[in-house]
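Visitor: Dropping the sequence and predicted coords here.
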Amino acid sequence: MFKAIWLDQADGKTRASVRQLSEADLPAGDTTVRIEYSTLNYKDALAITGRSPVVRKFPMVPGIDCAGTVEATSFPGLQVGDKVVLTGWGHGELHWGGMAEKARVSGERLLKLPAEMSARQAMAVGTAGLTAMLAVLAIERHGSRPENGDVLVTGAGGGVGGFAVAFMSRSGWRVQASSGRPMETERIKRLGASEVLPRSELGSQGKSLQKERWAAVVDSLGSHTLANACAGTRYGGIVAACGLAQGMDFPSSVAPFILRGVHLAGIDSVYASNELRAAAWARIAAQLGGPMLDDLVQEISLEGAVPSSAELIGGGIKGRLVVAMAGSETQARDN
């Protein structure tokens, strides 16, 4: 038997509980994983609380991320005892996810963890850090380099933005960060930002072309912020768009793209290829260390994930929430 967060519906409302399941309850798949850590992402919180129709079918075990050890597998290239990570691929939405002590999945969706990375570190990073690193790699593939100018990171107080600040800084860039949380300024600077701009500077409608300020941008907000970021990007620069915290709209014009040759790159971590994922995780493992994870991570238990979901949506939790399963390396605290 093992514990899992169980989501079902009654009268159109989502109900979340922690229940005991057996391996016979697990869905079909060629690989069984003993999960050591998961992560409570914003999307997971929406699923658990039912605030948004994230879950496509019920019953569901939420959790878009998990990391642990292979217990059984028939998938070529995997062996019992391998340390693996799973992010995205519709888990927690269409397929049972990682908020459980065990999972059964398709081995083609699993990646072996870099040797120097633990399961806890992988989940401290999770989808947020993977998305940020995919943006970094897109900027580098475009040919942008630190000597070309500064990089702007929007939403720097959030998970994706925080990791983007750290990764870009550790890749040699001078980082200008944007955040709507003045109380987070010192933490964002510890992550590597040289300057923190108020969100109001970019968050409302602006001109289609503005002063050329940044050689590259990592944007997790969308809407007016993304439009202003494009308008202020230097000739031939690149904007990596990876989020919609401000909105899905893009109130801009073609001016930055046809008059300055600005490139707009879309970043998707859910269905990114394993080739891209492997490159990103290898780079992440090489850049871990120092105060980065300490400044981004809190640890909770599986039981604590349910009440923490409402708190996360309400803005009462800052940084990343790592969910420790029973028997994991460290003792989780209950919220």
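Guide: Ah, there it is. Since the structure is predicted, the reported quantities are computational estimates derived from the model, not experimental observations.
Visitor: Now V136. Nearest residue, chain neighbours left out?
Guide: Excluding its sequence neighbours, the residue lying closest to V136 (C-beta to C-beta, 6 or more residues apart in numbering) is F167, at 5.0 Å. C-beta coordinates here come from the backbone N, C-alpha and C atoms, glycine included.
Visitor: For the one you found, grab phi and psi.
Guide: Per-residue torsions, F167: phi -70, psi -40 (degrees, to the nearest 10).
Visitor: To what extent is it buried, counted in neighbours?
Guide: Applying other C-beta atoms under 10 Å, we find 26 residues neighbouring F167.
Visitor: same check, this time on T87
Guide: For T87, using other C-beta under 10 Å, the count is 29.
Visitor: Could you pull up the contacting residues of it?
Guide: Going by C-beta atoms under 8 Å, 6 or more residues apart in numbering, T87 touches 64-65, 126-127, 130, 269, 277.
Visitor: Could you check how far G289 is from R170?
Guide: 9 Å (C-beta to C-beta, to the nearest Å).
Visitor: Common neighbours of those two, please.
Guide: In contact with both G289 and R170: no residue, using C-beta under 8 Å, 6+ apart.
Visitor: K43 in helix, strand or coil?
Guide: What DSSP: H, G, I helix; E, B strand; the rest coil gives for K43 is helix.
Visitor: on that earlier part again, neighbour-wise, which of G289 and R170 wins?
Guide: Using other C-beta under 10 Å as the criterion, G289 and R170 rank with R170 on top: 19 against 11.
Visitor: element containing A124, please.
Guide: Per DSSP states H and E: A124 is located in helix 119-142.
Visitor: Put the alpha carbons of that helix into PDB.
Guide: Presented in PDB, the C-alpha positions along helix 119-142 are these (Å, rounded to 0.1, in the frame of the first residue of the first chain):
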ATOM      1  CA  ALA A 119      15.700  13.600  -6.400                       C
ATOM      2  CA  ARG A 120      15.100  16.500  -3.900                       C
ATOM      3  CA  GLN A 121      17.200  18.900  -5.900                       C
ATOM      4  CA  ALA A 122      15.400  17.800  -9.100                       C
ATOM      5  CA  MET A 123      12.000  18.600  -7.500                       C
ATOM      6  CA  ALA A 124      13.300  21.900  -6.000                       C
ATOM      7  CA  VAL A 125      13.900  22.800  -9.700                       C
ATOM      8  CA  GLY A 126      10.900  21.000 -11.200                       C
ATOM      9  CA  THR A 127       9.000  22.300 -14.200                       C
ATOM     10  CA  ALA A 128       9.700  25.900 -13.200                       C
ATOM     11  CA  GLY A 129      13.500  25.500 -13.400                       C
ATOM     12  CA  LEU A 130      13.300  23.300 -16.500                       C
ATOM     13  CA  THR A 131      11.200  26.000 -18.200                       C
ATOM     14  CA  ALA A 132      13.700  28.700 -17.300                       C
ATOM     15  CA  MET A 133      16.600  26.600 -18.600                       C
ATOM     16  CA  LEU A 134      14.800  25.900 -21.800                       C
ATOM     17  CA  ALA A 135      14.500  29.600 -22.200                       C
ATOM     18  CA  VAL A 136      18.200  30.100 -21.500                       C
ATOM     19  CA  LEU A 137      19.100  27.400 -24.100                       C
ATOM     20  CA  ALA A 138      16.800  29.100 -26.700                       C
ATOM     21  CA  ILE A 139      18.500  32.400 -26.200                       C
ATOM     22  CA  GLU A 140      21.900  30.800 -26.700                       C
ATOM     23  CA  ARG A 141      20.800  28.900 -29.800                       C
ATOM     24  CA  HIS A 142      19.800  32.200 -31.200                       C
END
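Visitor: average pLDDT for it?
Guide: Throughout helix 119-142, pLDDT has a mean value of 96.
Visitor: elements contacting the next helix or strand after that helix?
Guide: Note on helix 119-142: by DSSP H and E, the next helix or strand toward the C-terminus is strand 151-153. Contacts defined by 3 or more C-beta pairs under 8 Å, 6 or more residues apart in numbering; DSSP states H and E place strand 151-153 against helix 159-170, strand 175-179, strand 214-219.
Visitor: could these go into TSV alongside distance to G50 and mean pLDDT?
Guide: Converted to TSV, these look like this (distance: least, C-beta to C-beta, whole Å; pLDDT from 0 to 100):
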stretch	distance to G50	mean pLDDT
helix 159-170	22	94
strand 175-179	29	97
strand 214-219	29	98
